[in-house]
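Colleague: okay, predicted coordinates and the sequence, questions at the end:
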Amino acid sequence: MAKRSRKVVANNKKAFHDYFIEERFEAGIVLTGTEIKSIRRGAVSIKESYAKITSRGELVVTGMHIAPYEQGNRFNVDPLRVRTLLMHRREINKLYNTLKTKQGLTLIPLSVYIDENGRCKVELGLARGKKIYDKRETEAKKDAERKMDKAIKAMKQR
């Protein structure tokens, strides 16, 4: 299967530092015309955002900041408004059951991208929070890998 082309607009690097990502999902997002223009320019931030399932059974993302489009004037909407995510009903039900049965899980947006058809998508991660010692362990592993790569590179240059 060929790899699909996609233009990543925003990444949530902090999510990988603060959470263990157990499962990933793809969802569409309901946007206005000026919001999609801002996203195509890269004026979006998902650092402090999270997703949840409402009492009506809708999947929404909260805290996602999309900067107002400069030429949008009166058509611009609130940059921090709650936006609806689009997934199949059975996927939302599966997520809802997983979140209810397993304690300590949350839905975090990992990236926002434009797919090959020009549609804006959000990659969600089912995440479990890391403790401080887990974060230290992850940093130590990354540091050890960097040192090994540096040593291998130095050996090859000799």
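Modeller: Yep, that arrived.
Colleague: please identify the buried residues of stretch 74-86?
Modeller: 76, 83, 85 (16 or more other C-beta atoms under 10 Å). In this view, the C-beta of every residue, glycine as well, is placed from N, C-alpha and C.
Colleague: hang on, I meant stretch 14-31
Modeller: Buried residues in stretch 14-31, defined by neighbour count with 16+ other C-beta under 10 Å: 15, 16, 19, 25, 27, 29, 31.
Colleague: may I see those residues arranged in JSON lines, with distance to residue 95 and secondary structure as well?
Modeller: Formatted as JSON lines, the buried residues of stretch 14-31 follow (distance: C-beta to C-beta, whole Å; DSSP: H, G, I helix; E, B strand; the rest coil):
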{"residue": "15", "distance to residue 95": "17", "secondary structure": "helix"}
{"residue": "16", "distance to residue 95": "20", "secondary structure": "helix"}
{"residue": "19", "distance to residue 95": "16", "secondary structure": "strand"}
{"residue": "25", "distance to residue 95": "7", "secondary structure": "strand"}
{"residue": "27", "distance to residue 95": "10", "secondary structure": "strand"}
{"residue": "29", "distance to residue 95": "16", "secondary structure": "strand"}
{"residue": "31", "distance to residue 95": "21", "secondary structure": "coil"}
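Colleague: is it true that residue 58 touches residue 82?
Modeller: No: Residue 58 is beyond contact range of residue 82, at 9.7 Å (criterion: C-beta atoms under 8 Å).
Colleague: counting contacts, what elements does the top helix by length along the chain pack onto?
Modeller: Across the chain, the longest stretch assigned as helix under DSSP state H is helix 132-157. Secondary-structure packing of helix 132-157 (3 or more C-beta pairs under 8 Å, 6 or more residues apart in numbering; DSSP states H and E): helix 13-18.
Colleague: which residue would you name as the spatial centre of the protein?
Modeller: The residue lying closest to the centre of the chain (C-alpha atoms, centre = their mean) is residue 110, at 1.9 Å.
Colleague: quick one: the strands in the chain, in order.
Modeller: Along the chain, the segments classed as strands by DSSP state E run 7-11, 19-29, 44-45, 50-53, 59-62, 65-66, 83-86, 105-114, 120-129.
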